[in-house]
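Participant: Okay, structure incoming, though there's no sequence with it:
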Ligand SMILES: [Zn+2]
């Protein structure tokens, strides 16, 4: 049992696991919280979307349907292995499921068959929808399966859960078949293996994070530390998840952004906006990337091209 992590912590956990994350719209405040509770959370649920095409899939998961308003999950994992954040808080993904299954997830014991729909899953689970037709034929690219593994592990690592806190929708709600095309047992084995190691640091698309650490000395202020490292107070607060930025203790270790720039290798389908959104956390910063690399035309990107990225 746990309180849900903050939206900032969720984003940070996913990135720390090495995922390429794209923030969509006002995802942090897009939820169904006015319709019911969100939390305590007990696990991570994996789904398939029965859709084709990444852009359309992300949009459907964000807005939902007339009969089932969005968000339909927290993160959408597309076939290229990216995670699009579409909502945060209570989301319409899990529906009612079996309270015996919930008890097993909480106790991290073997799952019983799901034969009841008497417990509110939208309150209890983080949800990832994965782009797949769900017909058992549509392939699951290796990069997508790896992203599912990383996303589930990121949440488990944060909450100190093990792989048994990761379930498929089919294991929760009678009548559901998702995800189809791989087994949840195999995915749990992958998550278990990953949780045994430290998170991989660099995201998809390469590049070094270049962050370093700084040990707080008596008399230091966050503002002075930020200035000395060419960064800002909000960046340090975010990077270190500081709850109370005015209280720094001598000896405390802070993560600080390191190198002035990092390198990014352009992947197929990238735009300056999408790179700025996923790597800098703000699509509007595409102009900084264009300027830094002397790009005359914002549309001229080719796969494999190396770009310098400014500090986050
Ligand atoms: Zn589902």
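Facilitator: It's in. Everything numeric in this text was worked out from a predicted model, so none of it was measured. Numbering: from 1, shown residues only.
Participant: for the residue of the stretch 51-200 of the chain found nearest the ion, what are its contacts?
Facilitator: The ion sits closest to residue 169 of the stretch 51-200 of the chain, with a gap of 3.4 Å, by C-beta to the ion. Where C-beta positions appear, they are placed from N, C-alpha and C, glycine not excepted. Taking C-beta atoms under 8 Å, 6 or more residues apart in numbering, we find residue 169 in contact with 45, 46, 47, 93, 94, 176, 178, 179.
Participant: What parts of this structure come near the ion?
Facilitator: Neighbours of the ion within the chain, by C-beta under 5 Å from the ion: 47, 169, 178.
Participant: I'd like to know which elements whichever helix or strand the first one is part of is packed against.
Facilitator: Secondary-structure assignment from DSSP states H and E places residue 47 in strand 43-48. Helices and strands touching strand 43-48, by 3 or more C-beta pairs under 8 Å, 6 or more residues apart in numbering; DSSP states H and E, are strand 125-130, helix 142-159, strand 166-168.
Participant: care to break this protein down by domain?
Facilitator: 7-195, 211-257, 262-309 (automatic domain parsing).
Participant: how about the helices of the stretch 151-300 of the chain, start to end?
Facilitator: 184-195, 222-228, 233-240, 272-280, 286-292 (DSSP state H, counting those that start in this stretch).
Participant: winner for burial among the ones you listed?
Facilitator: Mean neighbour counts were compared across those using mean count of other C-beta atoms under 10 Å; the top stretch is helix 272-280, at a mean of 20.
Participant: residue contacts, the residue in the stretch 1-150 of the chain positioned nearest to the ion?
Facilitator: Taking C-beta to the ion, the ion has its nearest neighbour within the stretch 1-150 of the chain at residue 47, 3.3 Å off. By C-beta under 8 Å, 6+ apart, the residues touching residue 47 are 73, 93, 127, 128, 129, 130, 168, 169, 178, 179.
Participant: picking up where we left off before, pLDDT wise, what is the residue of the stretch 51-200 of the chain closest to the ion at?
Facilitator: For residue 169, the pLDDT comes out at 98.
Participant: what's the spacing between it and residue 268?
Facilitator: 30 Å (C-beta to C-beta, to the nearest Å).
Participant: The nearest residue to residue 41 once chain neighbours are set aside and residue 31: what is the separation?
Facilitator: Leaving aside its chain neighbours, residue 41 sits nearest to residue 4 (4.9 Å; criterion: C-beta to C-beta, 6 or more residues apart in numbering). Computed as C-beta to C-beta, the residue 4 to residue 31 distance reads 10 Å.
Participant: Find residues that contact each of the two.
Facilitator: Listed as contacting both residue 4 and residue 31 by C-beta under 8 Å, 6+ apart are 38, 89.
Participant: right, and residue 310 touches residue 280 too?
Facilitator: Yes: between residue 310 and residue 280 there is a contact at 7.1 Å, judged by C-beta atoms under 8 Å.
Participant: For residue 162, grab phi and psi.
Facilitator: Note on residue 162: its backbone torsions stand at phi -100, psi -170 [degrees, to the nearest 10].
Participant: Burial check on it, number of neighbours?
Facilitator: Residues lying near residue 162 (other C-beta atoms under 10 Å) number 13.
Participant: Same question for residue 197.
Facilitator: For residue 197, the count of nearby residues is 8 (other C-beta under 10 Å).
Participant: Tell me the spacing between it and residue 132.
Facilitator: From residue 197 to residue 132 the distance is 27 Å (C-beta to C-beta).
Participant: Report the buried residues of the worst-scoring helix or strand of the chain on mean pLDDT.
Facilitator: Comparing helices and strands within the chain by mean pLDDT, DSSP states H and E singles out strand 211-215 as the least confident, with a mean of 74. By neighbour count with 16 or more other C-beta atoms under 10 Å, strand 211-215 contains the buried residues residue 214.
Participant: contacting residues around it?
Facilitator: For strand 211-215, contacts defined as C-beta under 8 Å, 6+ apart pick out 225, 229, 239, 251, 252, 253, 254, 255, 256, 257, 258.
Participant: picking that back up, between the contacts of residue 169, which has the most around it?
Facilitator: residue 45 (30 neighbours).
Participant: residues near the closest residue to that one other than its chain neighbours, how many?
Facilitator: With C-beta to C-beta, 6+ apart as the criterion, residue 45 has its nearest non-adjacent residue at 4.2 Å, and that residue is residue 125. Applying other C-beta under 10 Å, we find 28 residues neighbouring residue 125.
Participant: hang on, isn't residue 125 packed against residue 39?
Facilitator: No: under the criterion of C-beta under 8 Å, residue 125 is not in contact with residue 39, lying 10.3 Å apart.
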